[in-house]
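> Okay, here's the prediction I keep looking at, along with the sequence it came from:
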Amino acid sequence: TGCVEAGGTGPPHTQDERVTWTRQMDFIMSCVGFAVGLGNVWRFPYLCYKNGGGVFLIPYLLIVFIGGIPVFFLEIALGQFMKQGGVSAWNIAPLFKGLGLASMVIVFFCNTYYIMILVWGLYFLFHSFTSPLPWATCGHPWNTPNCTQDFRRACHNHSSADGMRSPVIEFWERKVLRLSGGLHEPGVISYELVLCLVVTWVMVYFCMWKGVKSTGKVVYFTALFPYVILVVLLAHGVTLPGALDGIVYYLKPNWSKLGEAQVWIDAGTQIFFSYAIGLGALTALGSYNRFHNNCYQDAFVLALINSGTSFFAGFVVFSVLGFMAAEQGVDISKVAESGPGLAFIAYPKAVTLMPLAPVWAALFFFMLLILGLDSQFVGVEGLITGIMDMLPPKSPLSNIRREVVAAICCIICFLIDMSMVTEGGMYVFQLFDYYSASGITLLWQAFWECVVIAWVYGADRFMDDVARMIGYQPLPYMKWCWSYITPSVCVAVFLFHVVNYKPLTYNAVYTYPLWGEVVGWALALSSMLCIPVTVLYKLLRCKGSLREVSCAGFKILHTCLPMNYVLLPSWFDSYSLERNDMYVSLSLQRWQHLTTPVWASICKKQQILSQVITLPLPALYYELT
């Protein structure tokens, strides 16, 4: 798939133009690849089982429609309308441009630590081509005298009462991680993991180095092939003894769970995680859409695919966990895991009990690698799009090739990742995972996105903008969600997280030191503070009264003009619109009430001489042409 050229959003009087997807399916596949990831496979099934089985679908689906879809649609529509990435798109309300900066900080952290899951998956994949599997037996150099192949004697994820440990645990902790005693013991670097890290970053780079030209090609394989493997794994899983019991455990309803607050909180948190909300990447992907693309319909289709994948993955996971519980003669609660525990302990243990174990191990870890790969490279794509859109158009930086920016980003992330391939790397990984892209940061981001669009820019105005793009008004429920319902959900879940905050631990055994928690909160606040700090900075650097400055910051972009137009003020109620050799006279009545000091503040705020103002919104261009 290639790309075609679209109407530009470059700086004034330049011919810079933004590419668009050749086919709309390129965009759909990219969103599927990014949003449908490891969380759908290793987190949702466990949450569903833990929170009442099929009953969990009630709060989950409710929050999908009042929280997930509205914000998902908002981000895509914003990118499509503004034709800008995750940072510049928030020029729609310049006082709150910190929203874009915050999303870039979050997605940078995600890109940094998320790739470690691919590294571990690749490491397991390399070791899957041996028989017997190295984690199936004891007697290896990394095993201890307490290693036992009798799974009934060894506890699932830690030492048993008599100290016996399974070979899966020892392979994971002593061979792969080479786990040290804590965050204070970084230890030495694992050069095997460094090699895997280099391979994964090289793959990520060449998947997205040409932007949507390369992403649109690769994503068809990376987004679709995991579904093929999931179907194969399910077809095999349901034939195993005990599989049906596992599926029953997965779906068996426990109606009493509906009254527990934690169930609703888990549903809300999972949706914001799995829908990849607040990272700016969806806005970046939407910015490559054609202006009249039906992003409203796309949002519902993508939500159906995302949640449907999560539900389907539960059958794959619990058919295998049911088999493992039956083979070990234990209750399924003893083997049910989520997160890395499922991917690198529970499932590897399960495949050792199957015929042709190396085949099923290789299939599983290849699926894990592909699932994580497209989430990773589309996330990096979102980061790079945001950076490229931020480069000043007339500065030397604007001439830097995209491939160079992509390489710099990958190298910086790689250098940070070196701290995660040490003996203490797992503790660093958990620190990033628990704080930098946690439920708290994503909920904070989603709350402000809704507030800014609904109450600063205006929900009705944004609905009109969307109608200009898709040709009809979306359902009013979207406006109600942005204005009231979704922010309320975000606040409720956010406060629950804060009130019930628990210090980070590893395996419920190691508790992070105070300085480790301080580092973690610094990671979280580095994105959360972008919003209020940017607001204060913009208010303080503008002259005039607070009311005038605030008015300028809130009103400046409501006229919806593209960046490649220049607005030349002649009279307060009449302007000339210049684009190359075309002039269009406009009468902007909404500006008539502004006073001269406010007008001066606007001119000064944009730092443009001779009272020439550039306003980066694309709607008018498409209306005129």
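Here it is on my side, so go on. On a predicted model such as this, the values are computed, not experimentally measured, just so you know.
> Check the secondary structure at residue 472 for me.
When classified by DSSP: H, G, I helix; E, B strand; the rest coil, residue 472 comes out as coil.
> Renumber starting at 174 from here on
Sounds good: first residue 174 from here, last item residue 645.
> Just the pLDDT for it.
pLDDT recorded at residue 645 is 93.
> Kindly list the main-chain dihedrals of it?
When read as degrees, to the nearest 10, the backbone of residue 645 gives phi -160, psi 160.
> Please enumerate the strands of this structure.
Residue ranges of the strands in the chain, as given by DSSP state E, are 176-178, 192-194, 678-679, 683-684, 739-744, 747-752, 755-759.
> What pairs with the third one, parallel or antiparallel?
The one in question is strand 678-679. Paired strands of strand 678-679, with direction, are strand 683-684 (antiparallel) (DSSP bridges).
> mean confidence for stretch 487-496?
Rounded mean pLDDT across stretch 487-496 is 90.
> For the stretch 624-773 of the chain, give me the ranges with low pLDDT.
Within the stretch 624-773 of the chain, the stretches with pLDDT under 70 are 715-773.
> Can you check the pLDDT for the residue nearest the centre of the chain?
Taking Cα atoms, centre = their mean, the centroid of the chain lies closest to residue 449, which sits 3.3 Å from it. At residue 449, the pLDDT value in this model is 88.
> quick one: it and residue 461, what's the gap?
Between residue 449 and residue 461 the computed distance is 16 Å (Cβ to Cβ, to the nearest Å). (Each C-beta comes from the backbone N, C-alpha and C, glycine too.)
> Show me how the record splits this structure into domains.
The record's domain split for the chain, according to automatic domain parsing, is 176-303+360-708, 719-797.
> Pick the most buried one from those domains.
Highest mean neighbour count of these: domain 176-303+360-708, a mean of 20 (counted as mean count of other Cβ atoms under 10 Å).
> The closest residue to residue 598 other than its chain neighbours and residue 584, how far apart?
Leaving aside its chain neighbours, residue 598 sits nearest to residue 592 (6.5 Å; criterion: Cβ to Cβ, 6 or more residues apart in numbering). Per Cβ to Cβ, residue 592 is found 15 Å from residue 584.
> Residue 259 now?
With distances taken as Cβ to Cβ, residue 259 is found 21 Å from residue 584.
> Residue 534 too?
Residue 534 sits 32 Å away from residue 584 when distances are taken as Cβ to Cβ.
> and if you look at residue 508?
As judged by Cβ to Cβ, residue 508 and residue 584 stand 40 Å apart.
> returning to that earlier point: looking at the domains of the chain, which has the lowest confidence?
For the domains of the chain, mean pLDDT drops lowest on domain 719-797, to a mean of 36.
> Might you report the residue contacts of the residue nearest to residue 505 when sequence neighbours are not counted?
Counting by Cβ to Cβ, 6+ apart, residue 505 lies nearest to residue 498, which is 4.3 Å off, once chain neighbours are set aside. Neighbouring residues of residue 498 by Cβ atoms under 8 Å, 6 or more residues apart in numbering: 415, 418, 419, 504, 505, 507, 508.
> and the gap between residue 498 and residue 532?
Applying Cβ to Cβ, the value for residue 498 to residue 532 is 22 Å.
> Excluding chain neighbours, what is closest to residue 554?
Residue 554 sits nearest to residue 381 (Cβ to Cβ, 6+ apart), 4.6 Å away.
> residues contacting the one you found?
So residue 381 contacts 387, 388, 391, 550, 551, 553, 554, 557, 579 (Cβ under 8 Å, 6+ apart).
> mind redoing it with 10 Å?
387-388, 391-392, 547, 549-558, 575, 579, 582-583 (Cβ atoms under 10 Å, 6 or more residues apart in numbering).
> repeat for residue 362
Residue 362 is in contact with 351, 591, 592, 594, 595, 596, 598, counting by Cβ under 10 Å, 6+ apart.
> Now with 6 Å, please.
594, 595 (Cβ atoms under 6 Å, 6 or more residues apart in numbering).
> can I get the CA coordinates of stretch 212-228 in PDB?
The C-alpha coordinates for stretch 212-228 follow below in PDB (Å, rounded to 0.1, in the frame of the first residue of the first chain):
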ATOM      1  CA  GLY A 212      -3.500  -6.500  27.300                       C
ATOM      2  CA  ASN A 213      -6.300  -8.000  25.300                       C
ATOM      3  CA  VAL A 214      -4.800 -11.500  25.600                       C
ATOM      4  CA  TRP A 215      -3.200 -11.500  29.000                       C
ATOM      5  CA  ARG A 216      -5.200  -9.000  31.100                       C
ATOM      6  CA  PHE A 217      -8.900  -9.000  30.000                       C
ATOM      7  CA  PRO A 218      -9.500 -12.800  30.400                       C
ATOM      8  CA  TYR A 219      -8.100 -12.800  33.900                       C
ATOM      9  CA  LEU A 220     -10.100  -9.700  34.900                       C
ATOM     10  CA  CYS A 221     -13.300 -11.300  33.500                       C
ATOM     11  CA  TYR A 222     -12.700 -14.500  35.500                       C
ATOM     12  CA  LYS A 223     -11.700 -12.700  38.700                       C
ATOM     13  CA  ASN A 224     -14.700 -10.200  38.500                       C
ATOM     14  CA  GLY A 225     -17.600 -12.600  38.100                       C
ATOM     15  CA  GLY A 226     -17.200 -14.200  34.800                       C
ATOM     16  CA  GLY A 227     -19.900 -13.300  32.300                       C
ATOM     17  CA  VAL A 228     -21.200 -10.700  34.800                       C
END
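> mind putting the domains of the chain in CSV, distance to residue 315 included?
Below are these laid out as CSV (distance: least, Cβ to Cβ, whole Å):
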stretch, distance to residue 315
domain 176-303+360-708, 12
domain 719-797, 56
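> Out of the ones you listed, the one nearest residue 323 is which?
Shortest distance between residue 323 and these, using Cβ to Cβ, is found for domain 176-303+360-708: 9.7 Å.
> what residues does stretch 540-549 touch?
Contacts for stretch 540-549 (Cβ under 6 Å, 6+ apart): 206-207, 210-211, 287-288, 290-291, 294-295, 377, 392, 395-396, 398-399, 402, 516.
> do stretch 462-469 as well
193, 200, 249, 250, 253, 642, 643, 647, 795.
> Distance to residue 478 added to these, as TSV?
Formatted as TSV, the contacts of stretch 462-469 follow (distance: Cβ to Cβ, whole Å):
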residue	distance to residue 478
193	22
200	13
249	14
250	18
253	19
642	22
643	20
647	20
795	28
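> between these, which is nearest residue 674?
Of the contacts of stretch 462-469, the one sitting nearest to residue 674 (Cβ to Cβ) turns out to be residue 249, at 31.9 Å.
> these two touch, right, that closest one and residue 453?
No - look at residue 249 against residue 453 with Cβ atoms under 6 Å: they stay out of range, at 11.6 Å.
> separation between residue 207 and residue 542?
In terms of Cβ to Cβ, residue 207 sits 16 Å off from residue 542.
> er, residue 603 I mean
Here residue 603 is placed at a distance of 21 Å from residue 542 (Cβ to Cβ).
> Would you enumerate the residues in contact with residue 347?
Listed by Cβ under 6 Å, 6+ apart, the contact partners of residue 347 are residue 315.
> redo that, cut-off 8 Å
For residue 347, the contact set (Cβ under 8 Å, 6+ apart) comprises 315, 316, 317.
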